[in-house]
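In: dropping a prediction and its sequence here:
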Amino acid sequence: MARARDEHARFARPSKRGSRPRTKQRPEHADAVTGQVVGVDRGRYQLVVDDGSPHERTVVAMKARELTRTRVVVGDRVDVVGDTTGDAGTLGRIVRIQERTSVLRRTADDTDPYERIVVANADQLVVVTALAQPEPRTGMIDRCVVAAYDARMDVLLCLTKADLAPADDLRALYEPIGVDVVVTRSDDPASVETVRERLLGRSSVLVGHSGVGKSTLINALVPEARRATGIVNDVTGRGRHTSTSAVALRLPVGPAADDTEHDGWVIDTPGVRSFGLAHVETAHLLAAFEDLGAVAAACPRGCTHLADSPDCALDDWVDDAPDDDARAARSARLASFRRLLTARSASD
Ligand SMILES: Nc1nc2c(ncn2[C@@H]2O[C@H](COP(=O)(O)OP(=O)(O)OP(=O)(O)O)[C@@H](O)[C@H]2O)c(=O)[nH]1
Ligand SMILES: [Zn+2]
């Protein structure tokens, strides 16, 4: 029984001590503790163990040999054995990755030939876009929305620099497709609190192009962010965090600097500037548009649902609307869906 449950044991190397099954010697790593990955730096994983308890601590760990080819990312919940005290200089060993509730991916692109999982177990993607300087690019936002919906995550569009330009047009474009919109300006702390409200209790991944004000926002939300991203690795002794991988920060419940209570995670992704989306399946995107999904069930086999697809049931659905208002609404909804469908294959 233990053997069936202990997945990774099947891949373990034979024991030097003979043919006794490894599972009998170390049943399921019964001594393992569970941690959440909050940072990755050159093969060393930073984990928070016993989150929220008086024993909460940061443990540095590496992957067990049998997980060498398995990717462990920020947000993963993992089982760790070995030294899990979190004392300086100690190193634990990750032996298992727990089942993921969500997986945010991006496809290989020009700068990176591999499909990558960016973050695991997040439930919200926050697309940070400046209203000006730099100019907003709807193509980029669309691609983020597709990536999020593919991962079954919600999308929050955070429009920054509201002191420079109005937000009305972008709001009108995105709210109808289920995207929650918040507007901020760095000289208005109350606007940052409207963002915090939407992040509390959740695990949110922030993405955005350089210069949009993402760091400004994160520092306002998480005053200790700079310190947290600059963790010096106890084991390697190497310097500050210079890698471009994601970092998870605890979200304080309020703006006060001495607020020690936290609720939720803010995950910064310095390395992610855009999403390659070749891996996204139309069916997943359709699932994010429930009304359209039901209609598309009547489409011909292999229907792409694009504007040029013959006999697409979505076109009939628009034509069959009971009145002009409904027709306009359905038409707009279909246009949004098709825009996202097209964004999948467009380059940013
Ligand atoms: N006018 C205005 N400027 C802002 C606002 N928020 C941030 N900025 C400025 O925009 C510039 C870029 O802000 P950052 O927070 O560094 O942007 P970022 O998205 O983190 O960019 P990278 O650090 O390159 O990834 C800085 O000069 C900020 O002071 C805002 O609400 N209004
Ligand atoms: Zn169709």
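Out: Received it, and whenever you're ready, just let me know what you need. Ligands and ions are numbered 1, 2, ... in the order given.

In: what sits closest to T260 if chain neighbours are left out?
Out: What sits nearest to T260 in space, not counting adjacent residues and going by CB to CB, 6 or more residues apart in numbering, is P252, at 7.6 Å. The C-beta positions use only the backbone N, C-alpha and C, and glycine is treated the same way.

In: quickly list what that neighbour is bridged to.
Out: Beta-bridge partners recorded for P252 (DSSP bridges): H262.

In: contact partners of the longest strand anywhere in the chain?
Out: Counting residues, the longest strand found in the chain (DSSP state E) is strand 33-41. Defining contact as CB atoms under 8 Å, 6 or more residues apart in numbering, one finds that strand 33-41 is touched by 45-51, 58-59, 61, 72-80, 84, 92, 98, 120, 231, 233, 238, 241, 243, 245-249, 265.

In: now the buried members of the residues you listed.
Out: Those of the contacts of strand 33-41 that meet the buried threshold are 45-49, 51, 59, 61, 72-80, 84, 92, 120, 231, 233, 241, 245-249, 265, by 16 or more other CB atoms under 10 Å.

In: any idea how far stretch 272-283 is from the middle of the chain?
Out: 13 Å (CA atoms, centre = their mean, to the nearest Å).

In: hang on, the earlier thing: what residues sit buried inside the longest strand of the chain?
Out: So, applying 16+ other CB under 10 Å, buried residues of strand 33-41: 33, 35-41.

In: isn't V48 right next to T58, touching?
Out: Yes: applying CB atoms under 8 Å, one finds V48 in contact with T58, separated by 6.0 Å.

In: narrow the buried ones among the contacts of strand 33-41 to those in strands?
Out: 45-49, 59, 61, 77-80, 92, 120, 247-249, 265.

In: can you give me the pLDDT of R71?
Out: Listed pLDDT for R71 reads 91.

In: got a list of what the residue nearest to V128 when sequence neighbours are not counted touches?
Out: Computed as CB to CB, 6+ apart, the closest residue to V128 that is not its neighbour in sequence is G208, at 3.4 Å. Remark: with contacts taken as CB under 8 Å, 6+ apart, G208 is in contact with 127-129, 214.

In: take those and write them to JSON lines, including pLDDT and distance to ligand 2.
Out: Shown next, in JSON lines, are the contacts of G208 (pLDDT from 0 to 100; distance: CB to the ion, whole Å):
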{"residue": "V127", "pLDDT": "95", "distance to ligand 2": "27"}
{"residue": "V128", "pLDDT": "95", "distance to ligand 2": "33"}
{"residue": "T129", "pLDDT": "95", "distance to ligand 2": "30"}
{"residue": "K214", "pLDDT": "91", "distance to ligand 2": "37"}
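
In: many thanks, we can stop here.
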